[in-house]
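Q: quick one, fold the following:
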Amino acid sequence: MASRTRRPGAAPGAPDGSRRRRLPMRLLLPVLVLVALMAMLMLRGYVHSEILADHRIRSEASTDKVPEKILDGGPVIDTRSGRATSLKMPDRRLVLTFDDGPDPTWTPKVLDVLKKHHAHAVFFVTGTMASRYPDLVRRMVDEGHEIGLHTFNHPDLSFQSKKRIDWELSQNQLALAGAAGIRTSLFRPPYSSFADAMDNKSWPVTEYIGTRGYITVVNNTDSEDWQKPGVHQIIRNATPKNGKGAIVLMHDSGGDRHQTVQALDRFLPDMKDKGYEFDNLTEALDAPTAHTAVTGPELWKGKAWIFLVQASEHITDVLVVGLSIIGSLVIGRFVLMLLLSGIHARRVRRKDFRWGEPVTRPVSVLVPAYNEAKCIENTVRSLMASEHPIEVLVIDDGSSDGTARIVEAMGLPNVRVVRQLNAGKPAALNRGLANARHDIIVMMDGDTVFEPSTVRELVQPFGDPRVGAVAGNAKVGNRDSLIGAWQHIEYVMGFNLDRRMYDVLRCMPTIPGAVGAFRRSALERVGGMSDDTLAEDTDITMAMHRDGWRVVYAEKARAWTEAPESVQQLWSQRYRWSYGTMQAIWKHRRALVERGPSGRFGRVGLPLVSLFMVVAPLLAPLIDVFLLYGVVFGPTQKTIVAWLGVLAIQLVCAAYAFRLDRERMTHLISLPLQQILYRQLMYVVLLQSWITALTGGRLRWQKLRRTGVVEAPGGSVPRQRTRSESDERRPVG
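A: Numbering: from 1, shown residues only. Purely as a prediction, here's the structure:
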């Protein structure tokens, strides 16, 4: 409860007097980041033929509508003038053609062999591969090879509409322009073969392609290298009969092409020795080049396309790495929690387990309160039912709702009210510490209620002189709503199971403000509560570790707190927690290089806190982004199975945590929905905290609205308690 401020005023109205609502930057920026990431992922899916790809292949059809001169003609078909003509290769002129590339592994090897033997070829590239590997397309052009289009996504065009055909061609040209700054007039349909294989389904496509300014190039010699028949067989298949010229079909992509490369390295010199020449198509036909330079807006559109594709490749590669990291962190954390929580539970539940001599001396309970009129009476009366001797100090931090008067009017024994001007929660706690009578200090929030045994269980670890602070078991009291149920799961699983793990590792990062206890001497040694951060509980806990004190978890010290009941309140609370945790980590960063207890915490506790509380939640939405993408565009079944596997691990951990805390399992019904929706909220909150930290912003503490509905299990807290001792009062310093 540091310094509170008024809520900023509403945005000014529009000129017509209506109130204009604007999307807050804290929502807009994270949403834009998620949308951008999803767009990059979808762009990558598009260029990887996962989105909008059509893998259907039409069976053979009749050929009665195809002109005989085409069926009996050569492999070069020109329908640009409206009349169909075909051309054959001159004798001893071979045009090597390579389909489906460029491929980052095999295309460079093919180019190396061609360069070695001073041969040219035609590469029919797909737009997807050209977009992903533009440097290889540029190398093809620079080394004198010719480029042809092979569509963008490699669909069977006989299934496609004219609009889709135009799209395939234009996108292919766009990729070519961006990669090499050229256009081409050569085109080869996917799944094409010899000219005599043209049928009534493919011929209309060829005619339409001609009207768009393209020459269709099929082949009349198929190496069948895609079947990997062996080097010798590829050479035999690629060799034309009787010195004839030919267009030879090969592949530089689509799988393992080592046989193609080996065959090519032998085929080229052998055929040259027989008098064959290896030319581009236009060279073999003594025609003008098929390439046209692209300039102006078309060139820049192509370059922009290549830039976006490359960005999507790199960004999604980073996302995949991030997903691997978050997956490893999630699974590793769950394994650690299950293992170490079990160790902790077995250790503290042994019949012979003792912290030391039982602690029976009175303790001081500090209740900092700011405008807690709805809650404070329940809080104080729950303390009056305590089974351990206590004094209660309610530190009123400048409340304007009569909180202090309510407590004073109760007239309860051993309850004192300390008033101060609004100075914040750390100042209120330090003021309470200065007025406390006893050596053990219990701290709680003004909206929390204790069970009768809570204080007793909370202070028993101080029987061990090495213990400087104790974390209690904070539980959600208002769990009936969906948001409350989600927070209940989070408290039981994410906080208390974590605390068991951190207890065993001796690096617990936070004593919860709702229920914690401190040795007075330990507090004084580290300078008391600090207002350097917005997470004073995390700050003081880290300071305790660095000073050499043990910080432990008392599972039976249960406290029931009122969790936020709206998204806005939850947002405000978690924003403060996230930002405050970052501040605390930064404040204690020197522990990473120090020696002794401080160094041990710095090299064990700080990395764990950073990974599990800062990095992992920021990357967690990647699971849902890839889930959405995989369900819609990817291998749906595998994606769902993988997500269900992660959910099953979380469910096992949650069930184990609920069993340890003796909670009903029925609340776990909402766990799947929590993982989908709640995680996004925490992501946005954490991203906003990162932005605030990186931009040097300063977050102000905001008071959450309370309802006062939380009570300890078993009914209402008692209205009064028999006075057993006089209410001795001390002056407030």
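
Q: please tell me how far the residue lying closest to Arg466 once chain neighbours are set aside sits from Arg600.
A: Leaving aside its sequence neighbours, Arg466 sits nearest to Arg550 (CB to CB, 6 or more residues apart in numbering; 4.7 Å). Backbone N, C-alpha and C define where each C-beta goes, glycine included. Separation of Arg550 from Arg600 (CB to CB, to the nearest Å) stands at 12 Å.

Q: who touches both of these two?
A: Counting by CB atoms under 8 Å, 6 or more residues apart in numbering, the common neighbours of Arg550 and Arg600 are Arg506.

Q: name the single longest helix found in the chain.
A: Identified as the longest helix of the chain according to DSSP state H is helix 296-348.

Q: after that one, which helix or strand is next?
A: Of the helices and strands lying after helix 296-348 in sequence (DSSP states H and E), the nearest is strand 363-369.

Q: show me what that next one is packed up against.
A: Packing contacts for strand 363-369, counted by 3 or more CB pairs under 8 Å, 6 or more residues apart in numbering; DSSP states H and E, involve helix 376-384, strand 390-397, helix 425-435, strand 440-443, helix 454-459.

Q: using TSV, please lay out these together with mean neighbour count, mean pLDDT and distance to Ala293.
A: Compiled in TSV, the helices and strands packed on strand 363-369 are given as follows (neighbours: other CB atoms under 10 Å; pLDDT from 0 to 100; distance: least, CB to CB, whole Å):
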stretch	mean neighbour count	mean pLDDT	distance to Ala293
helix 376-384	24	94	79
strand 390-397	26	96	74
helix 425-435	22	94	69
strand 440-443	25	97	75
helix 454-459	26	96	79
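
Q: want to try TSV for those, with distance to Phe267 as columns?
A: Formatted as TSV, the helices and strands packed on strand 363-369 follow (distance: least, CB to CB, whole Å):
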stretch	distance to Phe267
helix 376-384	88
strand 390-397	87
helix 425-435	81
strand 440-443	83
helix 454-459	84
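
Q: for those, which one sits closest to Tyr629?
A: Of all those, it is helix 425-435 that lies closest to Tyr629, at 43.5 Å by CB to CB.

Q: pull the CA atoms of the closest one into CSV?
A: The C-alpha trace of helix 425-435 is given here as CSV (Å, rounded to 0.1, in the frame of the first residue of the first chain):
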residue,chain,number,x,y,z
LYS,A,425,2.7,0.2,2.9
PRO,A,426,6.4,-0.1,3.6
ALA,A,427,6.3,3.0,5.8
ALA,A,428,3.2,1.7,7.6
LEU,A,429,5.0,-1.6,8.3
ASN,A,430,8.1,0.1,9.6
ARG,A,431,5.9,2.3,11.8
GLY,A,432,4.2,-0.8,13.1
LEU,A,433,7.6,-2.4,13.7
ALA,A,434,8.7,0.6,15.7
ASN,A,435,5.7,0.3,18.0
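
Q: so which of the helices and strands packed on strand 363-369 gets nearest Leu157?
A: Evaluated with CB to CB, the helices and strands packed on strand 363-369 place helix 425-435 nearest to Leu157, the distance being 69.7 Å.

Q: next, the angle strand 363-369 makes with that closest one.
A: 150 degrees (axes from the mean of the first three to the mean of the last three CA atoms, to 10 degrees).

Q: for the longest helix of the chain, packing partners?
A: Where contact means 3+ CB pairs under 8 Å, 6+ apart, helix 296-348 is packed against helix 25-47, helix 127-132, helix 162-180, helix 497-505, strand 550-561, helix 616-619, helix 621-632, helix 636-660.

Q: this completes my enquiry, with thanks.
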